[in-house]
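> just a sequence and a predicted model for now, questions to come.
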Amino acid sequence: MNSKRFDKETFKEAVKDNVKTLYRKKIEEASQQQIFQAVSYAVKEQIIDDWLATQEAYYQKKEAKMVYYMSMEFLMGRALGNNLINLTAYTEVKEALDEMGLDLNAIEDQEPDPALGNGGLGRLAACFLDSLATLNYPAYGCGIRYRYGMFKQRIKDGYQVEAPDNWLKEGYPFELRRPEYAKEVRFGGSVRFEKDPETGRDKFVQEGYESVRAVPYDMPIVGYGNHVVNTLRIWDAEAITDFQLDSFDRGDYHKAVEQENLAKNIVEVLYPNDNHYAGKELRLKQQYFFISASLQALLAKFKREHGNDLSKLPDKVVIQMNDTHPTIAVPELMHLLIDEEYLSWEDAWEITSKTCAYTNHTIMAEALEKWPIDLFSKLLPRIYQIIQEIDRRFVEKVRAKYPGNDEKLKKMAILWDGQVRMANMAIISGFSVNGVAQLHTEILKNQELKDFYEMMPEKFNNKTNGITQRRFLAHGNPLLADWITARIGDGWITDLSQIARLKPLVNDEQARREFMQIKHKNKIRLAKYIKEHNGIEVDPHSIFDVQVKRLHEYKRQLLNILHVMYLYNQIKEHPEMSFYPRTFIFGAKAAAGYQRAKETIKLINSVAEVINNDRSINGKIKVVFIEDYRVSNAEMIFAAADVSEQISTASKEASGTGNMKFMLNGAPTLGTMDGANVEIVEEVGMDNAFIFGMRSEEVIRYENHGGYNPIDIYFSDWELKRVIDQLMDGTYAHGDHNMYKNLYNSLLNTQCTPRADMYFILKDFRPYAEAQKRVEEAYRDEHRWSRMAMMNTACCGKFTSDRTIEEYVRDIWKLHKVEVTVEEE
Ligand code: C3B
């Protein structure tokens with residue numbers, strides 16, 4: 001439906017027809033949701049031709065190597081608007097709908113926000129799919145079709161309350177069920193060794209297992225203006241009803257019910273933990289479920305297209321494992337090659353170790369998955385055997401290389417201390433290990449994964465994250481997108497390096513004025529949203545200071561809100577003090593069981609309540625907590641931000657990607673030298689960011705050698721002490737002295753493990769407050785601020801996921817572009 005192919009009248013007819021056939025209604029009688037469905041089906045119809053053409057082109061071009069991006073999370077966000085953008089048909093469809101008396105924005109709002117992911121890692125996967133399709137690379141995303149995605153967050157009395165996200169309730173128009181590709185996945189039971197009577201081959205046979213049927217649903221991933229449509233394949237689980245049970249179990253009602261339950265439970269819900277693993281058996285089941293199904297499908301497809309010589313697999317296929325969650329792909333691929341394809345261990349290993357690559361997304365110890373051997377070997381007996389053998393062979397190598405050095409094994413073995421360490425397995429078995437920003441990769445090499453790096457340096461490489469400008473500028477900020485296009489052409493949409501052409505314009509007063517006018521309009525749009533959702537009146541002339549991301553102690557939302565409390569004290573004490581009005585905007589979900597995170601949300605809301613209702617401060621500060629932060633409202637928030645809060649404890653944020661979305665939309669970073677902030681500053685210059693606080697080396701030094709005591713700071717800074725004491729004196733708790741006890745203790749209590757103030761909030765407080773003062777000063781100078789804001793947009797070319805993907809392709813995946821041509825009608 002590239003503008004030429006797209007015909008308004010046909011489209012209108014399609015929408016009307018769909019309303020009729022789907023709902024037996026006329027347009028005028030249909031609900032908004034029904035219209036959304038009808039419009040989406042009309043769009044999908046257009047996509048299908050390109051989808052077919054793409055798959056045909058990949059098939060024809062047999063040398064086309066394919067990347068399989070394996071991920072437990074794909075945080076896609078809404079598809080309708082994004083698909084229209086990428087079909088380059090947004091404007092036409094908007095007009096067509098206008099002519100029918102329909103409003104595209106309102107229709108887009110009817111779409112549930114597919115939230116099959118937690119945060120950065122899941123959204124990165126979604127950006128990667130967008131870039132792969134746009135850059136003409138053959139790719140599959142493989143994941144799970146959770147019935148319930150990331151929970152909906154409601155705020156009641158300032159507390160987070162989780163509500164289920166029933167995103168499939170009305171049916172999702174963009175997915176396609178593919179039962180013909182269903183696969184069986186087996187759990188439990190035991191493994192028997194036998195000789196195949198016919199062939200005489202050694203065989204491992206799993207018996208007494210439970211199994212489920214994995215049924216794939218495909219979602220189209222539309223490339224920008226190039227007719228490429230790739231596939232995100234997410235797996236649903238169904239009970240195996242035709243009773244392929246052992247003869248022993250045939251007709252066993254109990255077993256049938258169990259299988260029914262297994263199927264239902266396995267894909268029921270996304271674990272809502274970010275940077276933290278729950279260690280639950282069901283989670284391991286989820287992992288194995290989608291990996292086994294995906295790999296079975298992958299091998300079947302390979303054999304269909306390339307024949308039975310599996311030694312060619314690494315030439316045609318690369319498997320990228322998105323963090324430790326899908327790393328069970330390694331032993332599962334070994335299992336399929338050995339037990340189903342009858343390859344020798346050596347041949348299977350040769351193939352597997354050339355096909356699998358691993359991305360590390362965090363150094364937080366609590367996020368690196370380890371499974372108790374007990375649990376693991378019961379659930380996946382054959383897979384466990386294979387891991388034992390991988391481990392045995394590796395341990396032998398380590399012993400040969402470092403004789404007598406048990407320290408090395410303690411750090412590097414897969415099986416240790418009764419646990420299966422998934423990261424170690426991935427590093428040992430794959431051909432590539434990458435971090436997600438320069439600093440992060442350096443920390444992996446020199447600190448967390450030092451021993452591996454010393455032993456196999458050739459595997460390690462960096463791939464700094466990126467984001468797609470199609471969603472986060474073209475779709476999320478249409479005013480700015482149009483303005484940029486008017487100024488420098490629309491090449492930036494597929495080549496973000498072109499955005500650098502805005503640089504000379506920062507010296508053009510007229511251009512700067514227009515840029516800031518757009519920002520102002522976007523602030524009005526957000527202010528309206530806040531008024532509607534929070535009932536709070538915020539002034540679009542105030543500084544919109546924004547921290548939106550998952551709630552985690554290392555991200556230090558607590559530092560931000562403590563600073564707000566500090567400012568409020570100051571204003572109360574010195575009403576005459578000059579102060580530029582600020583709106584502090586927060587948005588964050590806390591993992592359901594993460595107590596301190598939930599307390600932080602309550603604190604932010606309580607501080608908001610007190611400050612927003614204090615007439616004596618003349619609205620100088622407003623605090624807003626945006627409920628249910630997610631991709632759809634994120635797009636609007638980035639567009640409206642003046643200041644981008646990226647204040648994690650240095651060394652803890654592997655990369656960050658929100659930081660890049662703010663930058664793209666013209667918001668300077670107020671941040672630490674952490675993750676990709678370091679590279680942002682490199683691009684935009686120190687003068688166009690507000691950097692403060694401890695550097696990563698200093699943090700790591702304290703962590704390794706001790707010597708930090710927050711109590712010293714507490715007693716030497718009375719203003720900070722007062723703020724911290726206010727956590728306990730009831731100021732923000734209607735007199736309750738216990739409400740924030742956990743937060744208070746996390747900062748000061750020496751009983752805390754491993755230490756009080758793990759994330760150096762007290763240590764960084766003053767530097768942060770000073771940086772905030774610099775922000776205010778800079779903002780007062782309109783001339784200077786508009787330059788800074790615009791420079792941020794102009795310098796963010798590096799941070800497109802298109803660049804990231806080209807680097808993965810060049811260094812790891814070795815893919816080739818495939819052109820898709822479609823007859824124009
Ligand atoms: C995140 C990291 O916390 C971010 O710094 C990073 O930008 C993204 O991944 C993408 O690389 N991350 C996450 O969202 N969930 C995890 N389990 C681990 C890392």
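Thanks, I have the structure now.
> near the ligand, which residues of the chain show up?
118-121, 124, 274-275, 323, 361-362, 367, 436, 465, 653-657, 675 (Cβ under 6 Å from any ligand atom). Where C-beta positions appear, they are placed from N, C-alpha and C, glycine not excepted.
> are any of these buried, and which?
118-121, 124, 274-275, 323, 361-362, 367, 436, 465, 653-657, 675 (16 or more other Cβ atoms under 10 Å).
> mind listing which of the residues you listed are in strands?
When DSSP state E is applied, those are split such that none fall in strands.
> out of the residues you listed, which are inside helices?
G120, L121, L124 (DSSP state H).
> can you redo those as JSON lines with pLDDT?
Listed next are these as JSON lines, based on pLDDT from 0 to 100:
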{"residue": "G120", "pLDDT": "98"}
{"residue": "L121", "pLDDT": "98"}
{"residue": "L124", "pLDDT": "98"}
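> where does the protein get nearest to the ligand, which residue?
G120 (3.0 Å; Cβ to the nearest ligand atom).
> list the residues that contact the nearest residue to K549 once chain neighbours are set aside.
Nearest non-adjacent residue to K549, counting by Cβ to Cβ, 6 or more residues apart in numbering: G658, 5.2 Å away. Listed by Cβ atoms under 8 Å, 6 or more residues apart in numbering, the contact set of G658 reads G120, V548, K549, A634, F638, S644, Q646.
> same question for H306.
K62, K312, K316.
> can you give me the neighbour number for the nearest residue to the last one once chain neighbours are set aside?
Distance criterion Cβ to Cβ, 6+ apart; nearest residue to K316, sequence neighbours excluded, is K65 at 5.5 Å. In terms of burial, K65 registers 19 neighbours under the definition other Cβ atoms under 10 Å.
> same check on K25?
Residues within reach of K25, counting by other Cβ under 10 Å, total 15.
> doesn't it lie inside a helix?
No. According to DSSP: H, G, I helix; E, B strand; the rest coil, K25 belongs to no helix; its state is coil.
> and it, how far is that from D98?
Distance, K25 to D98, using Cβ to Cβ, to the nearest Å: 21 Å.
> cool, and V318?
For V318, the distance to D98 - Cβ to Cβ - is 45 Å.
> quick one, what contacts A357?
Contacts of A357 by Cβ under 8 Å, 6+ apart are V318, I319, Q320, M321, G430, F431, S432, V433, N434, I812, W813.
> out of those, which is most surrounded?
Neighbour counts for the contacts of A357 (other Cβ under 10 Å) peak at I319, which has 28 neighbours.
> does it sit in a helix, a strand or a coil?
Applying three-state DSSP: I319 is strand.
> cool, Q160 as well?
Relying on three-state DSSP, one would call Q160 strand.
> list the contacts for it?
Taking Cβ under 8 Å, 6+ apart as the criterion, Q160 is in contact with Q153, R154, K589, A590, K598, I601, K602.
> among those residues, which ones are buried?
By 16+ other Cβ under 10 Å, the contacts of Q160 give Q153, K589, A590, K598, I601, K602 as buried.
> state the pLDDT value of the closest residue to the first one other than its chain neighbours.
Counting by Cβ to Cβ, 6+ apart, the nearest residue to Q153 once its immediate chain neighbours are dropped is D628, at 4.4 Å. Model confidence at D628, given as pLDDT, is 98.
> rewinding a little: can you put the ones in helices among the buried ones among the residues of the chain next to the ligand in TSV and add distance to N83?
Below are those laid out as TSV (distance: Cβ to Cβ, whole Å):
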residue	distance to N83
G120	23
L121	23
L124	20
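> so the residue nearest to Q153 versus H533, what's the distance?
Here D628 is placed at a distance of 9 Å from H533 (Cβ to Cβ).
> and those two? which has more neighbours close in?
Legend: neighbour count by other Cβ under 10 Å for D628 and H533, higher for D628 (20 against 14).
> contacts only, for the more buried one.
Counting by Cβ under 8 Å, 6+ apart, the residues that D628 touches are K152, Q153, R154, K589.
> one step back: I'd say the residue of the chain closest to the ligand and A367 touch.
No. Using Cβ atoms under 8 Å, G120 makes no contact with A367, being 11.7 Å away.
> which neighbours do the two share?
Listed as contacting both G120 and A367 by Cβ under 8 Å, 6+ apart are H361.
> can you map out the helices along the stretch 351-500 of the chain?
373-379, 381-401, 406-412, 422-429, 438-443, 450-455, 469, 478-488 (DSSP state H, counting those that start in this stretch).
> hang on, Y342 in a helix?
No. The assignment for Y342, made by three-state DSSP, is coil rather than a helix.
> what is the burial count for it?
By other Cβ under 10 Å, neighbour count at Y342 equals 14.
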